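Novice: Just need the structure, nothing else, for what follows:
(2 chains)
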Amino acid sequence: MSLELRYPDGTVFEHPDGVTGLEVAESIGPGLARSAVAVKLNGDLRDLSRPLDESGDFAVVTLDSEEGLDVLRHSSAHVLAQAVLDLFEGSTFAIGPAIDNGFYYDFKVDEPFTPDDLDRIEARMKEIISQDQPFEREALSRSDALAMFGAHPFKTEIIESVEPSEVTPGEDVTVYRNIDFVDLCRGPHLPSTGRIPSVKLLRSSGAYWRGDEKRDQLQRIYGTAWPSPKELDAYLTQLEEAEKRDHRRLGAELDLFSFPPELGSGLVVWHPKGGMLRKIVEDHSRELHQRFGFDFVFTPHLAKSDLWWTSGHLDYYAEYMFPGMELDNEQEYRVKPMNCPFHILVYKSRPRSYRDLPVRLSELGAVYRYEKSGVVHGLLRARGFTQDDSHTFCTGGQLGSELALHLDFVLTWLRDAGFSEIEADLSTQPEKAPVGEQDRWDFAEKTLAKALEDSGVSFRIAPGEGAFYGPKIDMHVKDAIGRRWQLSTIQLDLILPERFGLEYTAAGNVSERPYMIHCAKAGSLERFMGVLIEHHAGAFPMWLAPVQVSVVPVADRHHEYANQIAERLRDAGLRVEVDDSDDTVGEKIRKALTHKHPAVMVVGDDDVSSSTVGLRLYGEERDTRGVPLIEATNRLATMAAKPGGRPPDPRTGVLGS
RNA sequence: GCCGGAGUAGCUCAGUGGUAGAGCAAUUCACUCGUAAUGAAUAGGCCAGGGGUUCGACUCCCCUCUCCGGCUCCA
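Specialist: As a prediction, this is how the structure comes out:
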C-alpha cells in the first residue's frame, strides 16, 4: 500500500503508508524539514511524527503561517501549564488555547497569581524549553483518560463531553506527554519544547470556567509566542504603540475630556479642545443628515415609565436602564436608554399617508445606559453618550431604496472620517426570535442583503446574530494599526411599529404597517471620537483638529505681527492660537508639537519685514522659512477643507455618491 | 456584576506604625530667544471618602467611591 500526496503546487508524490509528516518534509527538502512544525493532510493538522494513513492534499506547516503560529502558541500554553503545575502544589488546570498573537491557560489555584509568580513561571517555562522535551501523542480510551485525569475535575468534565465527531475515528481522546507532564489535547504540537523560539507571559486575570459567571472563577495567564525574539520585540513594541494611542491617555494629554469621579462612572465632560472636536463632528453629522434628506427632531431625556413598558424596554432591557424616579403623583419616570420611542411619537403625532413616506427623523440624542461597572471603558463604553440616531419609517416598496440611502450615508461618513477599510456584518434572525411575522423577516433579510450587495461593501453573514426585533447591518472599520471597531449600525425593527400601533394610509385607503429602520451612523459620538483619537493617534487630519495653526512669535516685539496674521488666518476660516507666553521659541515649538497641532508658524524679524512666515507641518522634520503669508494661508485653508462635496443622486434628488 | 491590581501635589511617581518627598506643570522675577525643554525663587497635600485597631494610621483591618487588566455582558 502506498499513499498519494498532493502538494500545494499540485504535484502528486507517492509515499509508503505510515510515512511520517517529517519524513515527507525531509523528502522535499532539509530546510523545509527544519522549519516544519506540523503538517496538514486533507485539512487536518497533524504532528510531524504522526504516521500518515490516507492519501490526499498535503502541506507542510511552518511558522510562516497562521496555522503554524497556532501550533507554536498552543504548545507554549502546554509549557505554561506544565510550569504552573510544577510550581504550584494543589493547582489544577482547565483549558489553554492559542489566541490572536498568543495564548492563555486557565488554572484553579489557592491564591491569584502575582507579577512575581509570573516571573517565576516564565523562568520555569524557559527551563522546560531548554530541556527540549519531546511532545508525544497518545490515544486513550475514554475510561483510561478519566482514570489518568481523575484528580483534575475540569479535564474530567472535558473528557466526558468530548463528542465522537471531534476526534479521529477509532480514538476516544488524545493526550500529549512530555516527560512527566500530560495534558488532554487534540493537538497537534511542535515536535519538542525546544522548538519554541521566544515566549513571554504578559498578565494574569480572572476568568470563568466555560465563560459562565455562575461557575468556578479561574485564574488566567496570558502569554505571547513568536518565531523569533525579533518578532516578539516587534509585537511588544506594537503593544506599546497601542498604549500610546489610548484615547484615555491622549484625552488627558491633549486636554480633550475627563471623567470626573464626582459625576460617577462612565460620565464624560468635554473640555474646550475636545468640545471643539465634538462640535466639528456634530456639525458634519448634521450637514450629512440634511444632505441625505433627514429631518431634525429634538426630544427630552426622560419619559414616563409607561412609555418604556409600551416599547418593551422595561421587559427586555430594564437592567441596563437607570432606576426610576418616583414623583409626587405616583408617576414613575425613566431616563432614556434609546431614542426610538420618542421618534415614534413624532411619527404618530398625526395620521400618515403613503404620500408622506419615507419619514426620516434624526437627532443627536443623549442616552443613558447603566452599563455594568466592570465594562465601563473611557469613551468606548460610557454610561451617558450621544447617538447620531435616526428612525426612518417607510413602505415595504421603499425599503430597498431606503436601505441603499442609509448605506450610502454611513459609508460616506466613515470614509469622510478617514477610514478606508470598511466591512459589514449582516446579522440574521436569531433562532429564538420570539415575535414577528415570518414573511416580514424573510423580506427584511433579503432586502438588506440586496442593499449590501449593491453597495459594493464587503460583507459577511452572521447567522442568528440579529436582534430579537429584526435583522441588522453593522459596519466595522479597521484603524491605522489594524484593529477592528464596530461603529455604524442599520437595524430593521419589525416589533416597535406593531407595539406602538404605527400605520399609514396606503393608496387603496387601507391601513398599512410601516417598516422602521434604526440607524446610528457613527454609533455613539463619544465612542466614535474615541476611535478617531486612537486611529489618528491624536494627530487629527486638519479639518478635525481643534487647533489647526499655532503661531509662535520669536520675541515680544513680534506679538503684533503674530496677532495680525492670526486674524488673517481666522478670516480664512482657520482655528488659530497665538503662543504669546514668555517661553523660549524651542519650548513653544515643543508645546505645539506635543499638542499635535497640524501647523506651526514661527514669525520673527525677517517675517515682519517681508510678510512671510516660517511654516512647519506636523510630521515634518524641519521648517520652511520665508513662506509668503498669502501662500501659507491658501495652502493651510486648502488642507483644512472638509471632505465630501458630491453631486446629487438623480434617483432621490439627494446629494449622494 | 465577578476575579485581581491601584488611588500620595494639576500630571508622572517615590515613601514609611512616629513632623509628607522628587521631577514636570503652576506662580513670581530675570532672560527676548528662529524649530522638541533658559535660569532662579516661591507656592502647592483631609496621603480618594467613611468607620475601626493603636499612645500614635498615609501605612494595619472593614465598608464605600473611582480607575486599571481581564471575565461576563453589549436586547
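Novice: Please enumerate the strands of the stretch 501-650 of chain A.
Specialist: Ranges of strands in the stretch 501-650 of chain A, per DSSP state E, counting those that start in this stretch, are A:504-505, A:511-512, A:515-524, A:549-553, A:576-578, A:599-603, A:612-617, A:624-628.
Novice: A:S455: which of those strands is closest?
Specialist: Smallest distance to A:S455 across the strands of the stretch 501-650 of chain A (C-beta to C-beta): 13.9 Å, for strand A:515-524. For glycine as for every other residue, the C-beta is placed from the backbone atoms N, C-alpha and C.
Novice: is that closest one anywhere near RNA strand B?
Specialist: No - judged by C-beta under 7 Å from any atom of the strand, strand A:515-524 and RNA strand B are separated, with a smallest distance of 8.1 Å.
Novice: Next up, the contacts around A:S75.
Specialist: Listed by C-beta atoms under 8 Å, 6 or more residues apart in numbering, the contact set of A:S75 reads A:135, A:189-190, A:193, A:195-196.
Novice: hmm, 10 Å instead?
Specialist: A:37-38, A:98, A:103, A:129, A:135, A:176, A:178, A:185, A:187-193, A:195-196, A:199, A:225 (C-beta atoms under 10 Å, 6 or more residues apart in numbering).
Novice: so which strand or helix has the nearest residue to A:I461 once chain neighbours are set aside?
Specialist: In space, and not counting its chain neighbours, A:I461 is closest to A:L426: 4.9 Å by C-beta to C-beta, 6 or more residues apart in numbering. A:L426 is part of strand A:422-427 when elements are defined by DSSP states H and E.
Novice: In its sheet, which strands sit next to that strand, and in what direction?
Specialist: strand A:458-462 (parallel), strand A:472-478 (antiparallel) (DSSP bridges).
Novice: most packed of the ones you listed?
Specialist: Counting by mean count of other C-beta atoms under 10 Å, strand A:472-478 has the highest mean neighbour count of those, with a mean of 21.
Novice: can you tell me if that strand touches RNA strand B.
Specialist: No - using C-beta under 7 Å from any atom of the strand, we find that strand A:472-478 stays clear of RNA strand B, coming within 8.9 Å at best.
Novice: same check, this time on stretch A:574-587
Specialist: Yes - against RNA strand B, stretch A:574-587 shows contacts by C-beta under 7 Å from any atom of the strand at A:582-587.
Novice: Buried ones in that stretch, by neighbour count?
Specialist: A:574-580 (16 or more other C-beta atoms under 10 Å).
Novice: Most widely separated two among the residues of stretch A:574-587 next to RNA strand B?
Specialist: Greatest spacing in these, by C-beta to C-beta: A:D582 and A:G586 (13.1 Å).
Novice: And A:K155, how close does it get to A:M125?
Specialist: A:K155 is 20 Å from A:M125, where distance means C-beta to C-beta, to the nearest Å.
Novice: ugh, typo on my part, it should be A:T62
Specialist: Using C-beta to C-beta, we find A:T62 at a distance of 23 Å from A:M125.
Novice: Settle it for me: which of these two has more neighbours?
Specialist: A:M125 (25 against 19; other C-beta atoms under 10 Å).
Novice: what's in contact with the one helix or strand the more buried one maps to?
Specialist: In the assignment (DSSP H and E), A:M125 maps to helix A:115-130. For helix A:115-130, contacts defined as C-beta under 10 Å, 6+ apart pick out A:75-76, A:78-84, A:86-88, A:109, A:111, A:113-114, A:178-179, A:181, A:192-204, A:219, A:221-223, A:225.
Novice: let's go with 6 Å and repeat that
Specialist: Contacts with helix A:115-130, where a contact means C-beta atoms under 6 Å, 6 or more residues apart in numbering, come from A:79, A:82-84, A:86-87, A:193, A:196, A:201.
Novice: Can you tell me the closest non-neighbouring residue to A:A467?
Specialist: Spatial nearest neighbour of A:A467, chain neighbours left out: A:Q491 (6.2 Å); criterion: C-beta to C-beta, 6+ apart.
Novice: Look at the one you found and say how many residues are nearby.
Specialist: 20.
Novice: So it versus A:V297, what's the distance?
Specialist: To A:V297, A:Q491 is 19 Å away according to C-beta to C-beta.
Novice: Check A:L202 too.
Specialist: 48 Å.
Novice: Out of the strands paired with strand A:422-427, which gets nearest to A:S258?
Specialist: Nearest to A:S258, of those and by C-beta to C-beta, is strand A:472-478 at 26.1 Å.
Novice: Distance from that closest one to the middle of the chain?
Specialist: In terms of C-alpha atoms, centre = their mean, to the nearest Å, the centre of strand A:472-478 is found 10 Å from the chain centre.
Novice: Ok, stretch A:480-493 next?
Specialist: 7 Å.
Novice: what's in contact with it?
Specialist: A:406, A:410, A:444, A:469-478, A:516, A:518-521, A:523, A:531, A:535.
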